[in-house]
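In: Got a sequence here, can you model it:
(chains A and B)
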Amino acid sequence: MSAEMANEIKLISGRSHPELSEKIAKRLGIEVARTISLNYSNQETSFTVGESVRDEDVFIVQSTATGDVNEGLMELLIMISACRTASARRITAVIPNFPYARQDKKDKSRAPISARLVANMLQTAGANHIVTVDLHASQVSFFSVPVDNLYAEPSFLRYIRENFKTEDCVIVSPDAGGAKRATSIADHLNTAFALIHKERPRPNVVGRMVLVGNVEDKIAILVDDMADTCGTLVKAAAVLKENGAKSVLALVTHGILSGNAIETLNSSVLEALVVTNTVPLGDKVERCPKLRVIDISPTLAEAIRRTHNGESVSYLFNHAPV
Amino acid sequence: MVRNIVVLGGNSHPALVESLCNILGLPACNRVLTKFSSGESRCEIQDSVRGKDVYIIQTGFGGNGSKLNDHFMDLCIMISACKTGSARRVTAVLPLFPYSRQPDLPYKKSGAPLFKASSENGKKDYTFDSVPATPAPGVPRSAGFVNGTDITSRLAKTSLTNGTGSMSPVKQANGDSFFHGANGQGFATPGFTTHDYENGSHIGAFQAKPGYKQWVAQAGTLVANLLTCAGADHVITMDLHDPQVQGFFDVPVDNLYGRPLLKRYITTHIPNYKEAVIISPDAGGAKRATAIADSLGMDFALIHKERRPTKITDRQNASMMLVGNVTDRVCILIDDLLDTGNTITRAAKLLKKEGATTIYALLTHGVFSGDAINRVKASAIDKVIVTNSVPQDEHKALLGSKLDVLDISPIFAEAIRRVHHGESISVLFNYD
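Out: Next comes the predicted model:
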């Protein structure tokens, strides 16, 4: 092997989101490494490496498939550990949708801080670097290895600019926590901003909602980091409609869409839900005509390329590669 | 009543948790352990654990609609939650340790023995004209092959006749190249394996890069590290398949033995047991089996799995050999784990052929994965005896009187009690 061939990008794909890995590989002009993950009949995960990763720059792409989060996480940990055993030079876990991101604080007695646990586990397994999308800034500090937290915002900005007249739009945050994300987009587009305040008595259950701001005769664009059961979004959309919005759509980074999300969306006043493909969507696009998908793989591929070549990644925080 | 102790059960084995709590005389810790609709585990511990000695019971078994990896993540989350909840000490109790078994190495059946065979061949008429140990450019790679086979042309032929190129040549240090295990069949389908795959159909499509020997990741160390990383201060388990796993941990590990239970079963349930023969179904378990045979003063025999290929095309030929005499005798197979049931049922077949009258199989862990239930049902084994280190209700329902279940909860309860009070548990290792 010649000198310039040494230390290449090895892109390893987990089972959760092979389409995304393929897209990233295509974008990088490489092939996904030959590995295979299977389950034994006793349900233990087995991971077989079919090519050398010695002294290579390994990127392991694993998202979270809805319903199979733990399975995917365990597989990722085994893959990382296997690559470390196989003498990879650097192992970067590319986790577009970070699992357990929502369980990041001890909000009641003895509540697990699972996000921190996952961060520790990834490092224990041997990850040297993490690439993810729209993780909360506070969670980045769970890690003692470098974390490149990419944003879907540039992709969203482009989507809005390409599809709407910005002066007709108002950016709405569905909760107080997301206000910063929404104001940032509103500032970039120079549009109005509104906020919905909500009460959440129990997880996955949404309480009363109050709109702060004016959305009359505007296209209300809800912005959030994840859409799970979509209860929040649909209720927020209803509140916006009641307050005179012309139409309501939602831009969400991670479309987890679990439970009855698709049915909820289909019967809602929400005109469209735009998600990125950080999470495998399966047949949901067919089942939900309101669902639109922005491809995030150019951003991830560019981050991988830049990380590998030792270039700055910060360009990607404000620009979405075409 | 044991004070200042909290027993927290996972979802993998509620019956064991209940029976442990009964013996210890305390209620199990109230907790919510479910999943969010997104698939993430949700864990809420409802009783205080501050300053308590917490024992978390979770066995390495997935079945009845639950998943092994879910249970393992649940365990880590519970450990972590107790740690952040100011528990004094958190002990992970894993009756069956997940990922403790080394996976079958796919190249073992083909690559390794063949290498040996060819070098033995080569020795016979090795001359100074033989190929140097290092491959050099211009030197035909098969020059060292002395049995008249032109391997290069054979390789070429294979790749021509076999459009998928499923046989990949592997270069060895001595310059020979030979067929290697990445054949189209994959490594899970051949006759002898102790691991089955849930979805074996994918393997056929998978091929290693030419020149690279594929290998399977070993997760044992990782699992140990993850438990420690989650915050486990102590681990209690039973009959680790590889006792070395104990060494993967930086925290104390108590590896309890199921042996006393098995021994008691032999002496109380097997008529005229002194006349029976203890059999180890493979060389790896010989130590386990001889320990029982010695202490009961019984005869011992061993089954040896021979994996030496006789021909180059015959590389997956694994035959079994019995060492010892079992004619007209009762046989007691001893092993630590019944997973796919392959080893034990094949051993039983051989024993019947060798004239055994009745065959008992005594195992610590009865996982019965894949086709194991049917395999055992159809086998020559007269009775399978396992412990309830994993839930056995479903297996019992399917196997009926062919299966006997021994209760391990007294051993674990006693271990928990002793660990909690800081007493020695070494007495449990010789417990009768």
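
In: C-alpha from now on. contacts and neighbour counts both.
Out: OK.

In: Skipping adjacent residues, who's closest to A:Phe143 in space?
Out: Once flanking residues are discounted, A:Phe143 sits nearest to A:Ala119: 5.9 Å by Cα to Cα, 6 or more residues apart in numbering or on different chains.

In: The one you found should be in a strand, yeah?
Out: No. Per DSSP: H, G, I helix; E, B strand; the rest coil, A:Ala119 lies outside any strand segment and is helix.

In: correct me, but it touches A:Val145?
Out: No. Contact criterion Cα atoms under 8 Å: A:Ala119 and A:Val145 do not qualify, at 9.5 Å.

In: Settle it for me: which of those two has more neighbours?
Out: The neighbour count for A:Ala119 versus A:Val145, taken as other Cα atoms under 10 Å in any protein chain shown, is higher for A:Ala119 (23 against 15).

In: quick one: contacts for B:Ala224?
Out: Residues in contact with B:Ala224, defined by Cα atoms under 8 Å, 6 or more residues apart in numbering or on different chains, are B:Val245, B:Phe248, B:Phe249.

In: Equivalent analysis for A:Leu249, please.
Out: A:Ile219, A:Ala220, A:Ile221, A:Leu222, A:Ala237, A:Leu270, A:Glu271, A:Ala272, A:Leu273, A:Val274 are the contacts of A:Leu249 under Cα under 8 Å, 6+ apart.

In: Pull out whichever of the residues you listed are also neighbours of chain B.
Out: Among these, no residue lies close to chain B (Cα under 8 Å from any Cα of the partner chain).

In: and of those, the nearest to A:Ile91?
Out: Top of the list for closeness to A:Ile91, among these and by Cα to Cα, is A:Val274 at 31.5 Å.

In: if we can go back for a sec, please pick the buried ones from the contacts of B:Ala224.
Out: In those, burial by neighbour count holds for B:Val245, B:Phe249, counting by 16 or more other Cα atoms under 10 Å in any protein chain shown.

In: what residues are up against the residue in the stretch 151-300 of chain A positioned nearest to chain B?
Out: Relative to chain B, the nearest point of the stretch 151-300 of chain A is A:Ser258 (5.1 Å; Cα to the nearest Cα). Contacts for A:Ser258 (Cα under 8 Å, 6+ apart) come out as A:Thr66, A:Gly67, A:Asp228, A:Thr229, B:Ser37, B:Ser38.

In: Secondary structure class of B:Val90, three-state.
Out: Applying three-state DSSP: B:Val90 is strand.

In: Ignoring the adjacent residues along the chain, who's closest to it?
Out: B:Val54 (4.8 Å).

In: One more: B:Gly297?
Out: B:Lys274 (7.2 Å).

In: which residues does the residue nearest to B:Val90 contact?
Out: Taking Cα under 8 Å, 6+ apart, one finds B:Ile5, B:Val6, B:Val7, B:Leu8, B:Cys82, B:Ala87, B:Arg88, B:Arg89, B:Val90, B:Thr91 in contact with B:Val54.

In: Please identify which of those is nearest to B:Ile23.
Out: Nearest to B:Ile23 among those, counting by Cα to Cα, is B:Val7 at 11.7 Å.

In: list the contacts for that closest one?
Out: B:Val17, B:Cys21, B:Pro27, B:Ala28, B:Cys29, B:Val54, B:Tyr55, B:Ile56, B:Ile57.

In: Tell me if I am right that B:Val54 is in a strand.
Out: Yes. Under three-state DSSP, B:Val54 falls within a strand.

In: any idea how far it is from B:Ile5?
Out: Per Cα to Cα, to the nearest Å, B:Val54 is found 6 Å from B:Ile5.
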